[in-house]
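1. Show me the folded form of this:
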Amino acid sequence: MPRPHSDLRGRLANGEPLVGTFCTIPDPSVVEMVASSGFDFVCIDTEHSPIGRIAVESLVRAADVAGRPALVRVADNRPELIAAALDSGAAGVVVPRVDTAADAERAVRATRYPPLGERGGYPGRASWYNQDLADYMARANDELLLVAQVESPLAVRNANAVAAVDGIDALYAAPGDLSVAIGATGEPLDAALRSVVRAARAHRRTAGLFQPDPGRIDQWHADGVGLFFLAADAIFLTEAAAAAARSARNAGATTTTTPTPQRPPSPFGESGLRPA
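-> Predicted coordinates:
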């Protein structure tokens, strides 16, 4: 039984904006619920979460059950991590810390089969455990999405060189890491993000962005962003729980005098949680 084909790469190439979210909770039920909520994709995050290699396959399977493609953000730009993510059946990978063209070329080699890269054979679940091997290997290079993550001043300076590497499909700007790296938020941070967007568009790549505020998606789409990572499952859970608690207290449904803990203001938006 062939696994479903992913259409993410084709939809982006056609200029369609896509909105997904990070999954950081290592539970298939959570991934299935999030994936069935109307997003175009989910991204299983193994960089900033407790999700390990064994769990990834079950989480990708949960997204498949919900009928949504799953990307995997790997923990590092290493071929064994990229191979494991793709072998699980992921529709592509987000690779962190792509600072130079050489970093981008390394990610391409790990993601693509020869002659475009060096990915090894037997892709496990991705090929329906070898039952769909010929078809999967024939289409993988054209179908799998490779997203290079830009999150340092060096990466911003080299964004044009990274985007020029054949096999890179998108540049993903990570505002949380980038803001820490450059020591700035607000307009200086937005200016750095816009420079990454311009580099992606100059080389006909998709520009991606983490955006915790859905109200700003239209603005960034107008600026050229086509791939959005809207918050994360843990952020949705935290914010929904906090909103419910506030509503209950405001309605007088509880008589407790225990004060609700207050988080300090965050420079990253109303969520108060740092973007990935």
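
2. can you map out the helices along the stretch 151-276 of the chain?
-> 153-157, 159-163, 175-182, 186-202, 217-222, 233-250 (DSSP state H, counting those that start in this stretch).

3. From the contact counts, what lies against the fifth one?
-> On a contact count with 3 or more Cβ pairs under 8 Å, 6 or more residues apart in numbering; DSSP states H and E, helix 217-222 meets strand 225-232. Just so you know, the C-beta spots here come from the backbone N, C-alpha and C atoms, and that holds for glycine as well.

4. right, so of the helices of the stretch 151-276 of the chain, which gets closest to residue 83?
-> Between residue 83 and the helices of the stretch 151-276 of the chain, the shortest gap by Cβ to Cβ is with helix 159-163, which sits at 21.2 Å.

5. Just the pLDDT for residue 39.
-> Per-residue pLDDT puts residue 39 at 98.

6. tell me the contacts of it?
-> Taking Cβ atoms under 8 Å, 6 or more residues apart in numbering as the definition of contact, the neighbours of residue 39 are 19-21, 68, 230.

7. tell me which element it falls in.
-> Assigned by DSSP states H and E, residue 39 belongs to no helix or strand.

8. Just the buried residues of the contacts of residue 39.
-> Listed as buried from the contacts of residue 39 are 19-21, 68, 230; burial here means 16 or more other Cβ atoms under 10 Å.

9. In JSON lines, list those residues along with secondary structure and distance to residue 176.
-> Below are those laid out as JSON lines (DSSP: H, G, I helix; E, B strand; the rest coil; distance: Cβ to Cβ, whole Å):
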{"residue": "19", "secondary structure": "strand", "distance to residue 176": "18"}
{"residue": "20", "secondary structure": "strand", "distance to residue 176": "17"}
{"residue": "21", "secondary structure": "strand", "distance to residue 176": "15"}
{"residue": "68", "secondary structure": "coil", "distance to residue 176": "24"}
{"residue": "230", "secondary structure": "strand", "distance to residue 176": "14"}
